[in-house]
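J.: Pasting a predicted model and its sequence here:
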Amino acid sequence: MRKAVCPGSFDPVTNGHLDIIVRAASLFDEVTVAVLINKTKSSMFTVDERIDLLREVVAPYPNVKVDSFHGLLVDYCQARDIAAIVKGLRAVSDFDYELQMAQMNHRLAGVETLFVSTNPLYSYLSSSLLKEIATYGGDVSGLVPETVLARLGERIAERAQG
């Protein structure tokens, strides 16, 4: 069985993330979307909320599952017999960083990294930029799945009140 992982923080999951996940699902028998647990990073959504949102948006894809991890991604991969990491690249600046990570992951554990060029529709999209635009009332519909859009609006309203 060919297994791959699509790692990230997914705070929140965007249509760009979903595009990469779906494309990976067409290439591998099993794809795990692995949410990074980083307790030092301030997030809009908890890890559990991000996992729930991801599970909802990948539900139509039976070979995609969602999990979380902390520590080294290669350790996660080795423990689950995952041979490949799939990463989306938006720009050359992404490649500079991701290439170093890919080479280190290969050296540490022999795990391969496959780079998938982002759909041009989403090449400018990042979760950070999306959250900033949404926080200031900008329209982010079409950039995130509908369920994420609704939850994002709720979270922004909660923060504005509290």
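T.: In hand now; what should we look at? Residues are numbered from 1 along each chain as shown.

J.: V35: neighbour count?
T.: Neighbour count of V35, defined by other Cβ atoms under 10 Å: 24. Any C-beta I mention is one placed from the backbone N, CA and C, and that applies to glycine too.

J.: what's the distance between it and V74?
T.: Using Cβ to Cβ, to the nearest Å, one obtains 17 Å as the distance from V35 to V74.

J.: With I133 instead?
T.: Where V74 is concerned, I133 sits at a distance of 34 Å (Cβ to Cβ).

J.: Looking at those two now, which is surrounded by more residues?
T.: V74 (19 against 13).

J.: State whether the more buried one is indeed within a strand.
T.: No - with DSSP: H, G, I helix; E, B strand; the rest coil as the criterion, V74 is helix rather than part of a strand.

J.: In this structure it contacts R107, no?
T.: No - with contact defined as Cβ atoms under 8 Å, V74 does not reach R107; the gap is 9.4 Å.

J.: Check the average confidence over the helix or strand D96 falls within, would you?
T.: Using DSSP states H and E, D96 maps to helix 92-109. Averaged over helix 92-109, pLDDT sits at 94.

J.: So which elements touch that helix?
T.: Applying 3 or more Cβ pairs under 8 Å, 6 or more residues apart in numbering; DSSP states H and E, we find helix 92-109 packed against helix 73-79, strand 84-89, strand 112-117.

J.: Sort out which residues of that helix are buried, please.
T.: Neighbour counts using 16 or more other Cβ atoms under 10 Å place D94, E98, A102, N105, A109 of helix 92-109 among the buried residues.
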